[in-house]
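J.: just to be clear, the model below is a prediction. Sequence and coordinates:
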Amino acid sequence: MLKFEFGKAKIMKKAFQLLVIVFFFSCNHQEKNTSPNIIFILTDDQGYGDLGVYGAKDIQTPYLDQLAAEGARFTSYYATQPVCSASRASILTGCYPDRIGIHNAYSPGSKLGLNPEETTLPELLKAKGYITGIFGKWHLGDAPEFQPRKHGFDEYYGILYSNDMWPQHPQQGEWFNFPDIYLYENETPLKVLKDQAFLTAALTDKAIDFIRRNKENPFFVYLPHPQPHVPLFAADSLKGTQKRGLYGDVIHEIDASVGRILTTLEEEGLKENTIVVFTSDNGPWLSYGGHSGSAGIFREGKGTNWEGGHRVPSIIRFPSKILPNKLIEAPAMGIDWLPTLAGFAQADLPEKKIDGASLIPLLTGKSNNSPHENFFFYYRTNELHAVRHHDWKLYVPHTYRSLNGRSGTNNGFPVPYDMNEIESAALYNLSTDPKEETDVATQFPEMVKKITKIADSVRLVLGDQLKGIKGSEVRPVGRVLN
């Protein structure tokens, strides 16, 4: 009897030890997978009116429409600047580009780039155990010290600057007389790109492979497609499928790429705990006519701070936190992605000052208001052009490019812009006049005065070349020393 009881106790003890081990590994496994995966998909020069869910009737985008139906869609989201490098810098750092000394778009061989002293979103996520990868266009400096793996990415496959910066581009004078463009894997140039028709699919393949390889760990995928930046390329199987011609085919292929990503998440059981973001780096490059996108109802396009230059599509899906079919009309900006995604991942924010604010209260229904009262619109080399204060937008005197109603061609060659000038402050109420057709500055002089004071205050911080002011909080851009 004693022998039996002793044997029973041994069995119970072993069973208890086994339960402890199972519970330990179970807890570790659960803890390991609580951080959400993040996929950030960025397009290049895609306009507000280039998706079905944003009103496009001549381009089919079923997967992006699905993404919006399953998540949140912004109607007043702004790329931080209407140009490539500056816009991308704000997404990865949470800063106005002027705060970190980045302006315009970097050419090949530029001696400037994103300063390694700045803290990027992938670096914050890596501190939380994330595996990080970028597949697409970088455009934050092509010198070795500025390339993606110097800024927190574990893997890289793509191009270091825009796909038009190559000799084969339809030229306008000698402006596009650049060296060959290379496809890179990490720091290794693989080949010269002569035809990019394969690239959208290849970048998607790389992203999907990365997801499958790292599905047991939290991961961050940054997928900045070079398209639909000119010159346009679409897979042969998709050419001639859309009413909007080659440009429509390109967007349709990007939509198909998104569909492949979403299908992969479903197959791997990752949908519920994965954040998927889709947006564009700035508005359409209108001088390319039929080879450019549409700003929808909004005025002007890329290279201007009118609404069409930087109001772009923006969609986010996170099934476990964001309700489906959520429409967000409160304004937000590219500076807000870093604090938002870091917040969802419970990662620390950078030690240095940033300008963005978390959109989590807005996305989860705890607030209906933008985290910002003011948005500042810079362009060129540190020129403040406009300020949005609630529903009001004030344009300060400056010059801007415009086609002034002319249409571009449909052959991939640009037409020249005119230069227009705003000679005195112009004021628009975006809630009643989103097309910015009626300047009401003379009707609301007190509002002009109020926003002008706001503009003066930010000039002291971020600078303004138009006024000859160097901002007190501007940090140094990265520079090649040798």
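T.: Right, received. Where do you want to start?

J.: my guess is Leu42 is in a strand, correct?
T.: Yes - according to DSSP: H, G, I helix; E, B strand; the rest coil, Leu42 belongs to a strand.

J.: what's the weakest-modelled helix or strand in the chain?
T.: In the chain, the helix or strand scored least confidently by mean pLDDT, DSSP states H and E is helix 2-32, which has a mean of 44.

J.: burial measure for the closest residue to Phe198 other than its chain neighbours, as a count.
T.: Spatial nearest neighbour of Phe198, excluding adjacent residues (C-beta to C-beta, 6 or more residues apart in numbering): Ala235 at 7.4 Å. All C-beta spots, glycine's among them, are computed from the backbone N, C-alpha and C. For Ala235, the neighbour count with other C-beta atoms under 10 Å is 16.

J.: could you do Lys215 as well?
T.: Neighbourhood size, Lys215 [other C-beta under 10 Å]: 18.

J.: show me the helices in the stretch 201-350 of the chain, by range?
T.: Applying DSSP state H, counting those that start in this stretch to the stretch 201-350 of the chain gives helices spanning 245-267, 307-310, 337-344.

J.: quick one: those helices as JSON lines, columns for distance to Thr438 and mean pLDDT too.
T.: Converted to JSON lines, those look like this (distance: least, C-beta to C-beta, whole Å; pLDDT from 0 to 100):
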{"stretch": "helix 245-267", "distance to Thr438": "31", "mean pLDDT": "98"}
{"stretch": "helix 307-310", "distance to Thr438": "14", "mean pLDDT": "98"}
{"stretch": "helix 337-344", "distance to Thr438": "33", "mean pLDDT": "98"}
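
J.: tell me which of those helices sits nearest to Pro82.
T.: Closest to Pro82 of these, according to C-beta to C-beta: helix 307-310, at 3.5 Å.

J.: among the helices of the stretch 201-350 of the chain, which is the most enclosed?
T.: Mean neighbour count (mean count of other C-beta atoms under 10 Å) peaks for helix 307-310 among those, with a mean of 30.

J.: got the CA coordinates for it in PDB?
T.: Taking C-alpha atoms only, helix 307-310 is exported to PDB below (Å, rounded to 0.1, in the frame of the first residue of the first chain):
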ATOM      1  CA  GLU A 307      -4.100  70.000 -51.200                       C
ATOM      2  CA  GLY A 308      -3.500  67.900 -54.300                       C
ATOM      3  CA  GLY A 309       0.300  67.900 -53.600                       C
ATOM      4  CA  HIS A 310       0.100  66.100 -50.400                       C
END
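
J.: helix/strand/coil for Ala455?
T.: helix.

J.: run through the bridge partners of the closest residue to it other than its chain neighbours.
T.: Nearest residue to Ala455 in three dimensions, chain neighbours excluded: Val387, at 5.0 Å (C-beta to C-beta, 6+ apart). Beta bridges link Val387 to Phe376, Leu394, judged by DSSP bridges.

J.: my guess is Val387 meets Ile454, correct?
T.: Yes - the pair Val387 and Ile454 qualifies as a contact (C-beta atoms under 8 Å) at a distance of 5.7 Å.

J.: show me which of the two is the more surrounded one.
T.: Taking other C-beta under 10 Å, Val387 and Ile454 do not tie; Val387 has more neighbours (21 against 16).

J.: need the pLDDT of that one.
T.: Val387 is assigned 98 on the pLDDT scale.

J.: next, format the helices of the stretch 201-350 of the chain as a markdown table and append distance to Trp166.
T.: Compiled in a markdown table, the helices of the stretch 201-350 of the chain are given as follows (distance: least, C-beta to C-beta, whole Å):
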| stretch | distance to Trp166 |
| --- | --- |
| helix 245-267 | 17 |
| helix 307-310 | 25 |
| helix 337-344 | 29 |
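
J.: out of those, nearest to Asn163?
T.: Using C-beta to C-beta, those put helix 245-267 closest to Asn163, at 11.5 Å.

J.: elements contacting that closest one?
T.: On a contact count with 3 or more C-beta pairs under 8 Å, 6 or more residues apart in numbering; DSSP states H and E, helix 245-267 meets strand 37-43, helix 62-69, helix 199-213, strand 274-280.

J.: looking at those, which is nearest to Glu267?
T.: helix 199-213 (8.8 Å).

J.: check which residues of that closest one are buried.
T.: 199-201, 203-204, 206-208, 210-211 (16 or more other C-beta atoms under 10 Å).

J.: and for stretch 187-194?
T.: Along stretch 187-194, these residues count as buried under the neighbour rule (16+ other C-beta under 10 Å): Leu193.

J.: do stretch 372-388 as well
T.: Across stretch 372-388, burial judged by 16+ other C-beta under 10 Å covers 372, 375-380, 382-388.

J.: could you measure from the residue nearest to Phe198 over to Gly412?
T.: The gap separating Ala235 from Gly412 is 18 Å, by C-beta to C-beta, to the nearest Å.

J.: and what of Gly293?
T.: Distance, Gly293 to Gly412, using C-beta to C-beta: 14 Å.

J.: these two: who's more crowded?
T.: The neighbour comparison of Gly293 against Gly412 (other C-beta under 10 Å) goes to Gly293, with 31 against 16.

J.: was I right about that one contacting Pro284?
T.: Yes - Gly293 is within contact range of Pro284, at 3.6 Å (criterion: C-beta under 8 Å).

J.: so the residue nearest to Phe198 sits against Leu199, correct?
T.: No - Ala235 is not in contact with Leu199 according to C-beta under 8 Å; the separation is 9.5 Å.

J.: so Ile469 bridges to which residues?
T.: Counting by DSSP bridges, Ile469 is bridged to Asp464.

J.: quick one, what contacts it?
T.: With contact taken as C-beta atoms under 8 Å, 6 or more residues apart in numbering, Ile469 is in contact with 459-460, 463.

J.: okay, these in TSV with pLDDT and distance to Pro476 next?
T.: Compiled in TSV, the contacts of Ile469 are given as follows (pLDDT from 0 to 100; distance: C-beta to C-beta, whole Å):
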residue	pLDDT	distance to Pro476
Arg459	98	19
Leu460	98	18
Gly463	98	13
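
J.: list buried residues within those.
T.: Among the contacts of Ile469, the ones that count as buried by 16+ other C-beta under 10 Å are 459, 463.

J.: just send the contacts of Ile469 back as a markdown table, with distance to Ile315 too.
T.: A markdown table is the format used below for these (distance: C-beta to C-beta, whole Å):
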| residue | distance to Ile315 |
| --- | --- |
| Arg459 | 34 |
| Leu460 | 36 |
| Gly463 | 33 |
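
J.: nearest to Tyr288, of the contacts of Ile469?
T.: Taking C-beta to C-beta as the measure, Gly463 is the one of the contacts of Ile469 closest to Tyr288, at 31.7 Å.

J.: how far away is the closest one from Asp180?
T.: Gly463 is 36 Å from Asp180, where distance means C-beta to C-beta.

J.: quick revisit: now render the helices and strands packed on helix 245-267 as a markdown table, adding mean pLDDT and distance to Val480.
T.: Compiled in a markdown table, the helices and strands packed on helix 245-267 are given as follows (pLDDT from 0 to 100; distance: least, C-beta to C-beta, whole Å):
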| stretch | mean pLDDT | distance to Val480 |
| --- | --- | --- |
| strand 37-43 | 98 | 26 |
| helix 62-69 | 98 | 38 |
| helix 199-213 | 98 | 27 |
| strand 274-280 | 98 | 29 |
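
J.: got TSV for the ones you listed, with distance to Arg149 too?
T.: Formatted as TSV, the helices and strands packed on helix 245-267 follow (distance: least, C-beta to C-beta, whole Å):
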stretch	distance to Arg149
strand 37-43	17
helix 62-69	29
helix 199-213	14
strand 274-280	22
